[in-house]
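> turn this into a model:
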Amino acid sequence: MADIKVGNNYQNINQLVGNRSVNNTNNLNRNSGITTIGADFGTLLKEQLDKNSGADKNQGLQFSKHAQERVVQRGIELTPELMDDLNSAVKKADAKGAKDVVIFDSMNAFIVNVPNKTVVTTMSGSEMRDNVFTNIDGAVIL
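Sure, this is the predicted structure:
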């Protein structure tokens, strides 16, 4: 097990990570002799940049993983115009104090958590029939 110098003292890696197992084959950089825990800086930076670039493209409105899957499954086209309309609707709902809203366009419904600016799920027109929307405190029709 690797010892790491912390200040003027050497400590065992298990003391530093609370005796969690460390996968040495994935986390040990054998060339430098440095033990790393978790993802490297480059990976974390890329993930954060990817996340931020998605927010920039959508002007702040995020789609949860579930909503992203539903958009693909249901063949919903997210055009720049639709994204502008959704962002505008979220701003209006926020101004009225709404927390969770359903936003209807001509063919789809988007359930949005307003404070987090996150689309939680989507429905196509045919799926909206005979459905009940619960835990919604507002609706916006585009």
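
> tell me how far the residue lying closest to Met107 once chain neighbours are set aside lies from Val102.
Once flanking residues are discounted, Met107 sits nearest to Gly125: 4.7 Å by CB to CB, 6 or more residues apart in numbering. Bear in mind the C-beta positions are built from the backbone N, C-alpha and C, glycine included. Remark: distance between Gly125 and Val102 (CB to CB, to the nearest Å) = 13 Å.

> and if you look at Val71?
16 Å.

> just Leu86 next, same as before
Leu86 sits 12 Å away from Val102, taking CB to CB as the criterion.

> what sits up against the helix or strand encompassing Arg70?
Using DSSP states H and E, Arg70 falls within helix 65-74. Here helix 65-74 makes contact (CB atoms under 8 Å, 6 or more residues apart in numbering) with 63, 76, 78, 108, 110, 118-124, 127.

> let's have the residues you listed in a markdown table, adding distance to Val140 and neighbour count.
Conversion of those to a markdown table gives the following (distance: CB to CB, whole Å; neighbours: other CB atoms under 10 Å):
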| residue | distance to Val140 | neighbour count |
| --- | --- | --- |
| Phe63 | 17 | 21 |
| Ile76 | 17 | 18 |
| Leu78 | 17 | 18 |
| Asn108 | 13 | 21 |
| Phe110 | 9 | 28 |
| Thr118 | 15 | 15 |
| Val119 | 13 | 24 |
| Val120 | 15 | 17 |
| Thr121 | 16 | 16 |
| Thr122 | 14 | 24 |
| Met123 | 15 | 20 |
| Ser124 | 18 | 15 |
| Glu127 | 19 | 13 |
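
> now stretch 102-116: average pLDDT?
Average pLDDT, stretch 102-116: 94.

> all strands for this protein, in order.
For the chain, the strands defined by DSSP state E cover 3-6, 9-12, 28-29, 34-35, 62-63, 100-104, 108-113, 118-124, 138-141.

> quick one: Phe110 from Asn116, how far?
For Phe110, the distance to Asn116 - CB to CB - is 14 Å.

> one more: Ser106?
26 Å.

> what do you get for Arg129?
As judged by CB to CB, Arg129 and Asn116 stand 28 Å apart.

> just Ser88 next, same as before
Applying CB to CB, the value for Ser88 to Asn116 is 17 Å.

> since that was my last question, I'll sign off now.
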